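Q: Turn this into a model:
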Amino acid sequence: MSTEFDYFGDPRLGKLLDLVLQLSTELHVSRQRLRVLEQLLVRRDVLGAGDVDGFTADDAEQLALARDRDQLLHRLMRILTEQGPAEHPLRDQWEAALNGRAG
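A: Residues are numbered from 1 along each chain as shown. Have a look, this model is predicted:
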C-alpha cells in the first residue's frame with residue numbers, strides 16, 4: 001500500500017479499510033443484481049410486485065434461514081472474540097478452506 005494514502009499511520013488499518021470498502025462494493029453490486037432479478041421476474045409475471053418482501057417462510061425454511069444466520073454470526077463473533085495473534089483470525093478454518101476441507 002502506498003504511503004500516499006496512509007491516513008492511519010498503520011498499514012494494517014489501511015488494509016482493513018481497503019477490505020471493508022471492497023466488501024461494501026461487492027455487497028452493493030449483489031444488492032443491485034438481486035433488485036434487477038426481482039424486477040425481471042415481476043415483469044415476466046413469475047412474481048408479483050412485493051412478493052419477496054411479503055414472503056413468509058414455512059417452518060423448515062425458517063429453520064434453514066435461522067441456521068444460516070447463526071452460522072454467519074458465529075463466524076463473525078469468533079473473529080472478534082478468539083484468542084491468539086490478531087493478524088491470523090480463523091487461521092485453521094482459512095487453511096482448511098484453502099486445502100478443500102471443511103473447517
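Q: Secondary structure element holding His74?
A: helix 59-81 (DSSP states H and E).
Q: err, Ala96, not the other one
A: helix 91-98.
Q: Any figure for the gap between Arg31 and Tyr7?
A: 27 Å (CB to CB, to the nearest Å). From N, CA and C alone the C-beta is placed, and that goes for glycine too.
Q: In the protein, where is pLDDT below threshold?
A: 1-6, 80, 82-94, 101-103 (pLDDT under 70).
Q: Could you pull out the buried residues of the helix of greatest length in the chain?
A: Taking DSSP state H as the criterion, the chain has its longest helix at helix 11-43. Buried residues in helix 11-43, counted by 16 or more other CB atoms under 10 Å: Gly14, Glu38.
Q: what's the neighbour count on Arg67?
A: 10 (other CB atoms under 10 Å).
Q: And Gly9, by the same measure?
A: 8.
Q: so it, which of the three states?
A: Applying DSSP: H, G, I helix; E, B strand; the rest coil to Gly9 yields a three-state assignment of coil.
Q: residues contacting it?
A: Not one residue lies near Gly9 by CB atoms under 8 Å, 6 or more residues apart in numbering.
Q: Next up, phi/psi of it, please.
A: The phi/psi pair for Gly9 (degrees, to the nearest 10) reads phi 80, psi 0.
Q: does the residue in the chain sticking out farthest from the centre count as helix, strand or coil?
A: Most distant residue from the mean C-alpha position of the chain: Asp45, 30.2 Å away (CA atoms, centre = their mean). Of the three states, Asp45 takes coil according to three-state DSSP.
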